[in-house]
Structures are given as structure tokens and as C-alpha cells.
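In: Need coordinates for the following:
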Amino acid sequence: MLRPIDNYFLHHEEPIKSCLQVLREYIFKLDTAITEKWKYEMPFFYYKEQRFCYLWIHKKYQKPYIGIVDGKLIDHPDLIMEKRARMKILLVNPDENIPVRKITKLLSDVLALYK
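Out: Predicted structure coming up:
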């Protein structure tokens, strides 16, 4: 029996499914203190027991995104706030190569807030 969090990554159609799985693996590789929890019916990533990001699908654009919990503290031109008070998102186009350098820089800045 699959855990709900594993099922989340498997139930999407391609190319979104592969994109989410790559992002998941990539986030885990950033730091050994990163863990994953099923919270609010979505996959959240924690750094030393503090929520720092999550993965979701944007309803309007139908694209995966990385939600940055304390995004309001990060100044990055590709982060979108929309109607959120605290969080910002980074849309990822599943039909293109994942922007690894951009994501590395962004998530490194986010992790620096917690260190």
C-alpha cells in the first residue's frame, strides 16, 4: 500500500509526473537535514522540522511549482506572490529542462534563512 505522499507523485500525467518526481529528488539532495511530510494533503519539505517548501500544481496554469514557505523574505525576480501573504511560488515548465541553477540558488537562499 502506497503512502498518500507517494501516491501524489504517481497519480499525475506525464510530463507533470516526471517533473514533480525530479523536483522531489532534487530537493532531498540539497541537504541531509531535509525531510518530507504529507501536510495539508500536499508534499511539504522540512529543514530541521521547519517547513521550507512544498510542491503543487498551479490550477490556472496547470504547471508544477515549488512553493516557498517564507517566500516573502526572498527577493527573486521569478517568484510569484499572487494573493498569498507569506508564500511565493516558482512555476516550473514540465515541457522544458528544469532550471537547476535557478532552483539551486533560490533554495539555497531559502535554506540560509533557517541556518
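
In: Any idea how far apart the tips of stretch 43-53 sit?
Out: Using Cα to Cα, to the nearest Å, the gap from the first to the last residue of stretch 43-53 comes to 9 Å.

In: go on, stretch 64-73?
Out: Stretch 64-73 has its terminal residues 22 Å apart, counting by Cα to Cα.

In: can you list contacts of that stretch?
Out: The contact list for stretch 64-73, computed with Cβ atoms under 8 Å, 6 or more residues apart in numbering, reads 16, 19-20, 23, 27, 51-58, 74, 79, 81, 84-92, 94, 103, 106-107, 110, 113. Every residue, glycine included, has its C-beta placed from N, CA and C.

In: Okay, and the beta partners of the residue nearest to the spatial centre of the chain?
Out: The geometric centre of the chain, computed from its C-alpha atoms, lies nearest to residue 66 (Cα atoms, centre = their mean), at 2.9 Å. Counting by DSSP bridges, residue 66 is bridged to residue 55, residue 90.

In: Equivalent analysis for residue 80, please.
Out: Assigned bridge partners for residue 80, using DSSP bridges, are residue 89.

In: in this structure, which spans are strands?
Out: Using DSSP state E, the strands of the chain run over residues 34-39, 42-47, 50-57, 64-68, 88-91.

In: most neighbours per residue, which of the ones you listed?
Out: Mean neighbour count, computed with mean count of other Cβ atoms under 10 Å, is highest for strand 64-68 among these, reaching a mean of 23.
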